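One predicted model, sequence on top.
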Amino acid sequence: MVRKIGVLTSGGDAPGMNAAIRAVTRIALNNGVEVVGVHNGYRGLLESNFEPMSRSSVSEILDKGGTKLGSARLPEFREEEVQDQCIKNLKREGIDALVVIGGDGSYRGALALTRKGINCIGLPGTIDNDIPGTDLTIGFDTALRTCVENVDKLRDTSSSHHRCSIVEVMGNRCGDLALYTAIACGAEMVITPETGYDELEVLEKLRYLGEAVRKNHAIVIISEKICDVDALAKKVSLKTNFSGRATVLGHIQRGGSPTAQDRMLASRMGEKAVDLLVEGIGGHCVGIIDNQISSIPIQEALERPRKSRKHLYRLFDRLV
Ligand code: F6P
């Protein structure tokens, strides 16, 4: 029987993490289960940085970006001795189960702890939408809103100056944020790990858009870690009739008040996490598939290939 659960956020923060912490805390307390907040992700487990949570600990955080509990990346968590120390600290605190809100790295940690005797449930908290086993991750919709708002602004100024705006968005080797932004903003080109990158092709397409189609602006959305966008913008100025400008949206994509969709998603997933732990289930991660909340073993999620977005790339091509 579960009497006390911990909750932590790990990896890059994502809007909606607070809504998930709130849901886990309130639903567990309403079920007669005590809740402990763990500060700064797995580091907080290692340092026993624990905070008893009450109903009011999670008041007024539903609409706040970031994470009230703080987050961190702890590569040392892969080491067995570090995991064993965390298990000791959890047991000393009387915590018998844990909700881990984060990305796939955080899921690996949750699986390791479950195998060592502390049931963990993973919730997908990342702006990247790169977690198998769920159609959506907590934070993706808010990050997408930020990207769309900013690209819309860039279009205003680009079309006034016959410019090509090259906009780099995050995604951690997943093209979803770029692809969805490109469709929602009516971009001229999208470049992601899935499309691949060929500089000559990009310049040729922009020459065609500027000279043959006589477009007065062009928006290129590109995933991070693909190329040096400033260098690409300079080449655009040299080799096409657009003047090129690069904008890296950067960490603003991780901030801001979560959208209603992210708050709903986090609340529904938080509820499922508590229900699973109360049922005695561990080593699972929660997802939303066709608007139904479900869970699968973390191991299975980590082995699944990422969902194909072929239909959305096709849609993008048909809209240009
Ligand atoms: O996973 C979220 C994310 O924002 C990625 O999109 C990005 O690659 C990475 O984290 C940036 O990490 P950091 O905040 O450590 O620079």
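Nice, I can see it. Just so it is clear, the model here is predicted, and its values are computed rather than measured.

need the helices for the protein, in chain order.
Along the chain, counting by DSSP state H, helices occupy 17-30, 41-46, 80-93, 104-115, 140-160, 176-185, 199-207, 229-239, 260-278, 298-303, 310-319.

Tell me which of those helices approaches the ligand most closely.
helix 176-185 (7.5 Å; C-beta to the nearest ligand atom). C-beta: built from backbone N, CA, C; applies to glycine.

which parts of the closest one are buried?
Using 16 or more other C-beta atoms under 10 Å as the burial criterion, the residues of helix 176-185 that qualify are 176-183, 185.

Quick one: residues contacting the closest residue to the ligand within the stretch 1-150 of the chain.
In the stretch 1-150 of the chain, no residue comes nearer to the ligand than residue 12, which is 3.2 Å away by C-beta to the nearest ligand atom. Counting by C-beta atoms under 8 Å, 6 or more residues apart in numbering, residue 12 makes contact with 71, 73, 103, 126-128, 172, 254.

at 10 Å instead, please
71, 73, 102-103, 105-106, 125-128, 139, 170, 172, 251, 253-254 (C-beta atoms under 10 Å, 6 or more residues apart in numbering).

Give me the phi and psi for it.
Phi and psi for residue 12, reported as degrees, to the nearest 10, are phi -60, psi 140.

Give me the distance between it and residue 187.
With distances taken as C-beta to C-beta, to the nearest Å, residue 12 is found 24 Å from residue 187.

Then residue 59?
40 Å.

who's more crowded, the two?
Neighbours around residue 59 and residue 187, counted as other C-beta atoms under 10 Å, are more numerous at residue 187. The numbers are 24 against 10.

what sits against the more buried one?
Residue 187 is in contact with 151, 155, 165, 167, 178-179, 181, 218-222, 316, 319-320, counting by C-beta under 10 Å, 6+ apart.

Swap in 6 Å and give it another go.
For residue 187, the contacting residues are 219, 221, by C-beta atoms under 6 Å, 6 or more residues apart in numbering.

Same list, the helices of the chain, but as a markdown table with distance to residue 290 please.
Listed next are the helices of the chain as a markdown table, based on distance: least, C-beta to C-beta, whole Å:
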| stretch | distance to residue 290 |
| --- | --- |
| helix 17-30 | 21 |
| helix 41-46 | 31 |
| helix 80-93 | 35 |
| helix 104-115 | 22 |
| helix 140-160 | 16 |
| helix 176-185 | 17 |
| helix 199-207 | 35 |
| helix 229-239 | 36 |
| helix 260-278 | 13 |
| helix 298-303 | 17 |
| helix 310-319 | 15 |
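
Using a markdown table, please lay out those together with distance to the ligand and mean pLDDT.
Putting the helices of the chain into a markdown table (distance: least, C-beta to the nearest ligand atom, whole Å; pLDDT from 0 to 100) gives the following:
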| stretch | distance to the ligand | mean pLDDT |
| --- | --- | --- |
| helix 17-30 | 12 | 98 |
| helix 41-46 | 12 | 97 |
| helix 80-93 | 20 | 97 |
| helix 104-115 | 9 | 96 |
| helix 140-160 | 8 | 97 |
| helix 176-185 | 8 | 98 |
| helix 199-207 | 22 | 98 |
| helix 229-239 | 14 | 98 |
| helix 260-278 | 15 | 98 |
| helix 298-303 | 16 | 96 |
| helix 310-319 | 19 | 98 |
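
among those, which is nearest residue 66?
Among these, the nearest to residue 66 by C-beta to C-beta is helix 17-30 (7.1 Å).
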